[in-house]
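> Model the following, please.
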Amino acid sequence: MRERPEKSAGGSSLRLALREMQADLASAKTHVLLAGAIIILSLSGPFGTYEALPPVGRLLYWATMVLLTFGLANFAGTLTSIALSRRGIRRQSALAPVGLAAGLAAGLGVAVIQDVVFGLGADPLRTLITIFGYALVIAMTITVILFVFRRADEAPQEKARETTAAQPEMPPAPALAPAPALAPAPALAPAAALVRRLPLDKRGRIVSLTVRDHYVEVTTLKGKALLLMRLSDAIEEAGAVNGVQLHRSHWVAVDAIRAIHRVNGRLEVETLTDERLPVSRAHAARLRDAGLLP
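Numbering: from 1, shown residues only. The predicted model follows:
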């Protein structure tokens, strides 16, 4: 069973969700999406709002509706995404449950506003079913759009990392014997920026960094924590720790490598925490440069 990472430096999934929501709200694409939705809905006046409200009233109504439901949906969807990510489920595989959570939260917001402004009518149950139906469809659509936005924002960074790290493919090599265990290194200085981000009970000698969607899972000898940051920034904040990037999604401290194995022609690094991290062909030369491969 996959080990569940511990809480991040913020101390909770709630803090991670709020930080990710801030990142979404700071995006120009999100601003355009929200502004466009408010303008279109205010001008078209769907669901009877064109006849029931004056132009300024429609603008205020739909601005409140869009911003409130987006905030609720984004918050619920982000919490769900974090929970699934901690269980090893990738973002593209979590779109349906994330969209469902976002839709339920958005539907709740719409129902409250509808009840306050217009009431739920003679048949409240039918009204609520209609509201939640529309909310689920719209939330699923927005979830996919935000996923595309995030992938578009991350693609140039991933491409730059791959280009920088690209190396000629290594020739086939005989099976490797496990590398001798390295002598323990002294504890990491508490001033290291990355360590200061971790919960107090997880601050210790850094073993490895692994990308988990748009988070970095930091493994120390005291446990794991998720941080909302890029791998390149995490490596930089690791400070003086001598490490090597094994893959575009994995970095390991050299003194935390227990052994190196070849499995079905591919290299794997075994760490002091009994994890095995894959080594891509593009990054294998870095192990050789560090004197860990013949």
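
> do you know how far the residue lying farthest from the centre of the chain is from Val112?
In the chain, counting by C-alpha atoms, centre = their mean, Ala122 sits farthest out from the average C-alpha position, at 43.5 Å. Note on Ala122: its distance to Val112, by C-beta to C-beta, to the nearest Å, is 19 Å. (C-beta placed from N, C-alpha, C; glycine too.)

> Run through the residues that contact the nearest residue to Ser249 once chain neighbours are set aside.
Counting by C-beta to C-beta, 6 or more residues apart in numbering, Val211 is the residue found nearest to Ser249 once chain neighbours are left out, at 4.0 Å. Counting by C-beta atoms under 8 Å, 6 or more residues apart in numbering, Val211 makes contact with 217, 231, 248-250.

> okay, now Leu14: neighbour count?
Residues contacting Leu14 under the criterion other C-beta atoms under 10 Å number 14.

> Please tell me how far it sits from Gly103.
Using C-beta to C-beta, Leu14 is found at 21 Å from Gly103.

> Find the residue ranges of the stretch 101-250 of the chain scoring beneath the pLDDT cut-off.
For the stretch 101-250 of the chain, the stretches flagged by pLDDT under 70 are 149-192.

> now the residue nearest to Ser249: how far from Val218?
Relative to Val218, and taking C-beta to C-beta, Val211 is found at 11 Å.

> what does Leu227 give?
Leu227 sits 6 Å away from Val218, going by C-beta to C-beta.

> same check, this time on Ile142
Using C-beta to C-beta, Ile142 is found at 31 Å from Val218.

> In terms of packing, which of those two has more residues around it?
Higher neighbour count among Ile142 and Val218: Val218, with 29 against 22, using other C-beta under 10 Å.

> Surely the more buried one forms part of a strand?
Yes: when DSSP: H, G, I helix; E, B strand; the rest coil is applied, Val218 is found to be in a strand.

> Contact partners for it?
194, 197-198, 202, 206, 209, 224-227, 234.

> now do 10 Å
When the contact criterion is C-beta atoms under 10 Å, 6 or more residues apart in numbering, the partners of Val218 are 5-6, 8-9, 194-195, 197-198, 202-203, 206-210, 224-227, 229, 234, 237-238.

> The helix or strand harbouring the residue nearest to Ser249 pairs with which strands, parallel or anti?
Using DSSP states H and E, Val211 maps to strand 206-212. Strand 206-212 pairs in its sheet with strand 215-220 (antiparallel), strand 250-253 (antiparallel), by DSSP bridges.
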